[in-house]
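Engineer: Starting from these lines, generate the structure:
(chains A and B)
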Amino acid sequence: MKFATLVRRNLFRNKLRSFLMIVLMGAIFFLIAALIQILNAFDNFDTGGAGDRLVVQSAFSLATMLPYAHEQKLRQVPGVVDVSKSQWLGGYYKERRNTFAILTLDPNKVPTMFPEMNVEPQQIADFVRDRQGALVGQDLMERFHWKIGDRITLHREIFPFDPELTIRAVIHNSVLASVVYLHQEYFNEALKWNRVGTFWVKVRDRNEMPAISQQIDAMFKNSEDPTETFTEKEFNRQFMNMMGNVKLLFGTISLCSIFMIVLLAAITMSMAARERVTEVAVLKAIGFGRGLILGLMLSEFVITTLAGWAAGIGFAAFLFRAVDMAKLTMGFLPRLHLAGSTAALCAAAAVFVGLVAGGLPSMKSANLHVVDGLRKVV
Amino acid sequence: MAIPLKYNTGNLAARRASMLLTILGIGVINAVMLSMLALWHGVKTTTVASGSPKDLIVLRESAQTEMSSWVTREAYEIIRTIPGITRDASARPLVSPELVILFKLPRRDSGKGSNVMVRGLTEVGLELRAPKLVEGRPFRPGSSEVIVAKRIRDRFASTSVGDTFHFGATDYRVVGVFDAAGTAFDSEIWADETFLAQSRKRTAYSSVLVRPADAAASKTIVDAIGNDNRLKLLVKTERKYYEEQTTGLFGIIILVGLVTFFMVIAAVLGTMNTMFSAIAGRTRELGTMRALGFKRRAIVMSVVIESALVSLLGGVAGVLLALPVNAISTGTTNFRTFSEIAFNFRVDGAVALTGIVIAVVAGVAGGLLPALSAARMPITKALREV
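Structural biologist: A predicted model of the protein is given here:
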């Protein structure tokens, strides 16, 4: 480690250049980390339930609703513990930019079907009792300064129905923090359709889920309203798939960004190598070997790229902790956090950039002839 | 006196290797940024350009989309009688009642189901919409025949001419393929309205499209429908309707904004770094020029111009690198309608120009700091530098 000083001195030789390089790489690594985390968050969207729920929707399309009559038949399927209807309404509060998720459910099913909502028992009772009651996520309560007992009117998005609600209960779940639930029956009375978008089915044993979903779909196959049953995870994932080939897009952006910083780092590094040709020649003259020079220079470059990585990833870790993306985007983006695997992946990319971009200039320096180097005027 | 431009071009030529790397680097940044703009442009064109600025679309009062709207047959009969509507050769008013239904159909590549909008049209509707058939023939009225947009045919299984696809209890036969020139209709399947309504048990229409005779007539029609309390309907130009649909694409807006922002930062920092290195290599030269009597201002200008020049070349390289994305045709979902829209990345003149302008602005911004530091250097110190 006796060469540490030499490497350190060289790193700080042109402070501005190193600084710019580090900021540039920091920005790119931040972007890549953010893209990976967004992708992961969508991929692993999970409300923290027990994973024992199936979602039954129409086989025709998401926009087709299923008749209420299906519920009784679902209950009779062996292995089914409980069923709740649920309908996506969409809509906003006061202004269009306050758009968040608005859904219906069967209120008395909250404790058994959706225990992960963590609602106080007394509040659940209040919510069940009030036909126009609302069950509201904690972030929305905070954002709009709502209190239990407040009356709110939500604006329609899909159906000709503007829910007029009284807040009765609060959801304590970070994934469901920007959601409003209201009574399915309140919605149904307004439209009198006796149809609903989805049935949520709780099963006794998770291992029976594939068999039960097959049984459900087979049961309705020849009816007027055939169904398609998903596990909750698959159901959530279909929205991700609907966005298109996001994985490919994000991957391409990330790879192009890496390629770009390789190019820009290569310029800087060859510049750094060029201005110390004489120095290297002197080092070689006093007996530094080719491998040693190569190692010294490469470690200098890799340290620079790793510093960029540390800046970007550090900023990402800080920002994701300090700013709750879910709160900021009202649930459109989930709350992001920095996974260790993402940080490690970016670190590997940083080392790669350092080695590839610094490889040629370092090799040139290492192979320098002493005489040529000393003769050269920079 | 300004330093001649030839000095800058000479410099670029002298430091060929690093300049090429810079240009390529900025080119890649610019290409990524352009692809993002192209993505947004493609999606936007697909939606916004779909609507005709003249034709009027009639929806239920509070409906945001055709999917969530319905117009009764009685209302349609009333709308037909409003004066000021263009008539066709057989004196029928050009009023097209349309039924829109989502079909979940399997994709060609993955076999996974995706939502496609199926539009039921009457004879007048076909006349008004006038699809440009590239293969086959129009569907016959009252039959299970459909025509399919080219992009849908490319993306969904069993949708080529002669194929039959199954939905619900009905088989639909594909008899034609149409090209809607990159609009939202390129993501649709068109069927006979009567047949579609029967097979899907619908009694009401989703929307009604009206072609007014002229601008004055258009206003009369809007007023006539808007003021009729029986109808409870909403009229807007089709263009406006499609403009409003873009709010269902917020995911793309966020992504495009995020990536573009970081690419601009990268471009500024990248040019800054190269320009610092570029001047560091010729401190003495710049000192000499100062000694010869060139003003500080001239030095600043010269460095900024050189930086802008590099960025311009980088910008052009970016356009060239980004051109191939033009060929990419892909799909996403409009979360307002939950239907899939197919679109092309579009790098056209406007996008290319935007990209080049952003690159040059980033270049000027990135060149400014190095330029100032170059100009501020004391002559004596600069001349002493090796």
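
Engineer: ranges for the strands of the stretch 1-150 of chain B?
Structural biologist: Using DSSP state E, counting those that start in this stretch, the strands assigned to the stretch 1-150 of chain B run over residues B:56-60, B:95-106, B:113-121, B:132-136, B:145-149.

Engineer: Relative to chain A, which of those strands is closest?
Structural biologist: strand B:95-106 (3.7 Å; CB to the nearest CB). In this view, the C-beta of every residue, glycine as well, is placed from N, C-alpha and C.

Engineer: in the closest one, what counts as buried?
Structural biologist: For strand B:95-106, a neighbour-count test (16 or more other CB atoms under 10 Å in any protein chain shown) marks B:95-105 as buried.

Engineer: Stretch A:62-82 too?
Structural biologist: By neighbour count on 16+ other CB under 10 Å, the buried set for stretch A:62-82 is A:62-66, A:70-71, A:74, A:77, A:80, A:82.

Engineer: now, which of the residues you listed lie within helices?
Structural biologist: Under the assignment DSSP state H, the buried residues of stretch A:62-82 contribute A:70-71, A:74 to helices.

Engineer: Between its first and last residues, what's the separation in stretch A:50-70?
Structural biologist: Taking CA to CA, to the nearest Å, stretch A:50-70 runs 24 Å from one end to the other.

Engineer: Show me what the mean pLDDT comes to for that stretch.
Structural biologist: Stretch A:50-70 carries an average pLDDT of 90.

Engineer: That stretch near chain B anywhere?
Structural biologist: Yes - contact of stretch A:50-70 with chain B is found when judged by CB under 8 Å from any CB of the partner chain, involving A:59-64.

Engineer: Taking these, tell me the two that lie furthest apart.
Structural biologist: Spatial extent of the residues of stretch A:50-70 next to chain B (CB to CB) is set by the pair A:Ala59 and A:Ala63 at 12.3 Å.

Engineer: And the strands in chain A, which stretches?
Structural biologist: For chain A, applying DSSP state E gives strands covering A:53-58, A:66-67, A:80-88, A:92-93, A:101-105, A:133-137, A:151-155, A:164-171, A:179-183, A:195-196, A:198-203, A:227-231.

Engineer: So which bits of the stretch 201-350 of chain A are right by chain B?
Structural biologist: Applying CB under 8 Å from any CB, we find that the stretch 201-350 of chain A lies next to chain B at A:224, A:226, A:228, A:241-245, A:249, A:253, A:256-257, A:259-261, A:263-264, A:266-268, A:270-271, A:275, A:329, A:332-333.

Engineer: Among the residues you listed, which are located in helices?
Structural biologist: Judged by DSSP H, these include A:241-242, A:249, A:253, A:256-257, A:259-261, A:263-264, A:266-268, A:270-271 as members of helices.

Engineer: all strands for the stretch 251-386 of chain B, in order.
Structural biologist: For the stretch 251-386 of chain B, applying DSSP E, counting those that start in this stretch gives strands covering B:329-334, B:339-344.

Engineer: quick one on the thing from earlier: closest one of the ones in helices among the buried residues of stretch A:62-82 to B:Gln64?
Structural biologist: Closest approach between these and B:Gln64, by CB to CB: A:His70, at 27.6 Å.

Engineer: ok, the residue nearest to that closest one when sequence neighbours are not counted - contacts?
Structural biologist: Of all residues not flanking A:His70 in the chain, A:Phe199 sits nearest, at 6.3 Å (CB to CB, 6 or more residues apart in numbering or on different chains). Applying CB atoms under 8 Å, 6 or more residues apart in numbering or on different chains, one finds that A:Phe199 lies in contact with A:55-56, A:66, A:70-71, A:74, A:83-86.

Engineer: let's see it at 6 Å
Structural biologist: A:56, A:74, A:83, A:85 (CB atoms under 6 Å, 6 or more residues apart in numbering or on different chains).

Engineer: what bridges to the last one?
Structural biologist: To tie it back to what came earlier, the one meant is A:Lys85. Per DSSP bridges, the residues bridged to A:Lys85 are A:Phe199.

Engineer: shouldn't it be in contact with A:Val196?
Structural biologist: Yes - taking CB atoms under 6 Å as the definition, A:Lys85 is a contact partner of A:Val196 at 4.3 Å.

Engineer: Can you check the pLDDT for the residue nearest to A:His70?
Structural biologist: A:Phe199 is assigned a predicted lDDT (pLDDT) of 96.

Engineer: Equivalent analysis for the one 5 residues further on, please.
Structural biologist: On pLDDT, A:Arg204 comes in at 94.

Engineer: what's the neighbour count on the closest residue to A:Leu6 other than its chain neighbours?
Structural biologist: The shortest distance from A:Leu6 to any residue other than its chain neighbours is 6.5 Å, reached at A:Leu296 (CB to CB, 6+ apart). When neighbours are counted by other CB atoms under 10 Å in any protein chain shown, A:Leu296 registers 19.

Engineer: Where does the record place the domain boundaries for chain A?
Structural biologist: What automatic domain parsing lists as the domains of chain A is A:4-45+A:244-375, A:60-225.

Engineer: Of these, which is nearest B:Val124?
Structural biologist: Nearest to B:Val124 among those is domain A:60-225 (25.9 Å), distances taken as CB to CB.

Engineer: Measure how far that closest one is from the centre of its chain, please.
Structural biologist: Domain A:60-225 sits 24 Å away from the centroid of its parent chain (CA atoms, centre = their mean, to the nearest Å).

Engineer: Could you do stretch B:338-357 as well?
Structural biologist: Stretch B:338-357 sits 5 Å away from the centroid of its parent chain (CA atoms, centre = their mean).

Engineer: ranking the domains of chain A by mean pLDDT, which is last?
Structural biologist: domain A:4-45+A:244-375 has the lowest average pLDDT among these, namely a mean of 88.

Engineer: End to end on it, go ahead and measure it.
Structural biologist: One end of domain A:4-45+A:244-375 sits 28 Å from the other (CA to CA).

Engineer: Give me the buried positions along the longest helix along chain B.
Structural biologist: Ranked by number of residues, the top helix in chain B under DSSP H is helix B:16-48. Neighbour counts over helix B:16-48 (16+ other CB under 10 Å) mark B:18-48 as buried.

Engineer: And for stretch B:152-169?
Structural biologist: Within stretch B:152-169, judged by 16+ other CB under 10 Å, the buried ones are B:152-153, B:155-156, B:158-159, B:161, B:165, B:167-168.

Engineer: One more: stretch A:146-159?
Structural biologist: Neighbour counts over stretch A:146-159 (16+ other CB under 10 Å) mark A:146, A:152, A:154-159 as buried.

Engineer: same question, stretch B:232-240
Structural biologist: Counting neighbours by 16+ other CB under 10 Å, one finds that the buried residues in stretch B:232-240 are B:233-235, B:237-239.

Engineer: Keep only those of the residues you listed that are in strands.
Structural biologist: Short answer: the buried residues of stretch B:232-240 in strands (DSSP E) are B:233-235, B:237.

Engineer: Just send these back as a markdown table, with pLDDT too.
Structural biologist: Below are these laid out as a markdown table (pLDDT from 0 to 100):
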| residue | pLDDT |
| --- | --- |
| B:Leu233 | 90 |
| B:Leu234 | 89 |
| B:Val235 | 93 |
| B:Thr237 | 93 |
